[in-house]
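S.K.: This is a predicted model, with the sequence first.
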Amino acid sequence: MNMISKEFKHKWNDRDVEAHWDIVAHKYVAENEKVKQAHDQRFKESIIHLKLQAGQRVLNISSRDAEADDYIRRAEPESEVINLEISAGLMKEALRLRPQIQQQKISTYSSLPFTDGYFDSILTLETLEHVAEPMKFLEELFRVARPGSRMVLSCPPSSAELPYQIYTFLFGGHGEGPHRFPHPDEVKQMLKITKWKLLDHYGSVLIPVGPTSMQDFGERIIKKYKGTWIANLGIRQFYICERD
């Protein structure tokens, strides 16, 4: 693994990411319905770690169709959820499905339109692997989080690239657009450099498709081998962090 610098950035830009999600926005929800159990696992798992309290202001980025908003409000109805999304197409879908939500468009992940310490909790699922400047993104999340804030971050590991390509070849899907799945050690390094305190890390969704019993079996296996290379094979890696 290469050492990551604070200036690290990918060859694409955030507008490329925006363009991809705009193109596939119309089928985003339908494609996720095909892998519903694996898709929704991110929300169910995140709620456990966010430790929401009444009156908290929660940032959800990227919000996509804002399904996370449903889970947050069910867990803590008195929370304020602000959904940030780079794709106008996905925001339109989110508004169609959830007209009550509060969402805001961004043009880049490297500069968020909020004052320092604005949020009490941050949820950022399957986003880090897309942003053009991941270090700046994590720095911005740190800046807009108040001291003591909890952040739940998830993204696929580098080992998920081949299974993802095979799935896409066989079944299609909405695609990922510009992305690079990072190795878990790389994510930990980025979190450390950007001053996030890592409380916990674990892999999940070892078997993303197939009968529910088989997927559940995969979860038992990956939990048993937490902290090993087997856990790093899970297509969704969770990073539970706190801002000092």
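M.R.: Cool, the structure landed.
S.K.: Name the surrounding residues that touch stretch 197-216.
M.R.: Residues from elsewhere that reach stretch 197-216 (CB atoms under 8 Å, 6 or more residues apart in numbering): 35, 37-38, 41, 45, 49, 157, 163, 167, 184, 188, 191-192, 217-219, 221-223, 226-227, 230-244. Every residue, glycine included, has its C-beta placed from N, CA and C.
S.K.: quick one: which of these sit in strands?
M.R.: Under the assignment DSSP state E, the contacts of stretch 197-216 contribute 236, 237, 238, 239, 240, 241, 242, 243 to strands.
S.K.: partner residues bridging the third one?
M.R.: In other words, residue 238. Beta bridges link residue 238 to residue 154, residue 202 when assigned by DSSP bridges.
S.K.: That one and residue 167, how far apart?
M.R.: 21 Å (CB to CB, to the nearest Å).
S.K.: residue furthest from the geometric center of the protein?
M.R.: The C-alpha centroid of the chain is most remote from residue 213, which lies 25.4 Å away (CA atoms, centre = their mean).
S.K.: Let me see the mean pLDDT of the helix or strand containing that residue.
M.R.: Using DSSP states H and E, residue 213 sits within helix 212-224. Mean pLDDT, helix 212-224: 91.
S.K.: Poorly predicted segments of this structure, please.
M.R.: Within the chain, the stretches with pLDDT under 70 are 1-2.
S.K.: Helices of that one, start to end?
M.R.: Assigned by DSSP state H, the helices in the chain fall at 14-33, 36-50, 67-75, 88-97, 134-144, 161-171, 184-193, 212-224.
S.K.: Burial-wise, tell me which of those helices comes out on top.
M.R.: helix 134-144 (a mean of 21; mean count of other CB atoms under 10 Å).
S.K.: Return the set of residues that bridge with the most centrally placed residue in the chain.
M.R.: Geometric centre of the chain, nearest residue: residue 125, 1.1 Å, by CA atoms, centre = their mean. When bridges are taken as DSSP bridges, the partners of residue 125 come out as residue 154.
S.K.: Contact partners for it?
M.R.: By CB under 8 Å, 6+ apart, the contact set of residue 125 is 42, 43, 46, 62, 68, 152, 153, 154, 155.
S.K.: State whether the third one and residue 123 are indeed in contact, as I suppose.
M.R.: If I follow you right, that is residue 46. Yes - with contacts counted by CB atoms under 8 Å, residue 46 reaches residue 123, the gap being 5.7 Å.
S.K.: between the two, what contacts are shared?
M.R.: Common neighbours of residue 46 and residue 123 are listed as 68, 152 (criterion: CB under 8 Å, 6+ apart).
S.K.: Quick one: residues contacting residue 240.
M.R.: By CB under 8 Å, 6+ apart, residue 240 lies in contact with 49, 150, 151, 152, 198, 199, 200, 201.
S.K.: Run a quick neighbour tally on the last one.
M.R.: Around residue 201 there are 20 other residues, counting by other CB atoms under 10 Å.
S.K.: so residue 182 touches residue 158, yeah?
M.R.: Yes - here residue 182 reaches residue 158: they are 6.2 Å apart, a contact under CB under 8 Å.
S.K.: And the two? Which one has more around it.
M.R.: Remark: of residue 182 and residue 158, residue 182 carries more neighbours, 21 against 16, as counted by other CB under 10 Å.
S.K.: show me the contacts for that one.
M.R.: Contacts for residue 182 (CB under 8 Å, 6+ apart) come out as 128, 129, 134, 155, 157, 158, 190.
S.K.: and those residues as JSON lines, adding distance to residue 29?
M.R.: As requested, the contacts of residue 182 are exported to JSON lines (distance: CB to CB, whole Å):
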{"residue": "128", "distance to residue 29": "22"}
{"residue": "129", "distance to residue 29": "20"}
{"residue": "134", "distance to residue 29": "26"}
{"residue": "155", "distance to residue 29": "21"}
{"residue": "157", "distance to residue 29": "25"}
{"residue": "158", "distance to residue 29": "27"}
{"residue": "190", "distance to residue 29": "30"}
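S.K.: Thanks again, I'm all set now.
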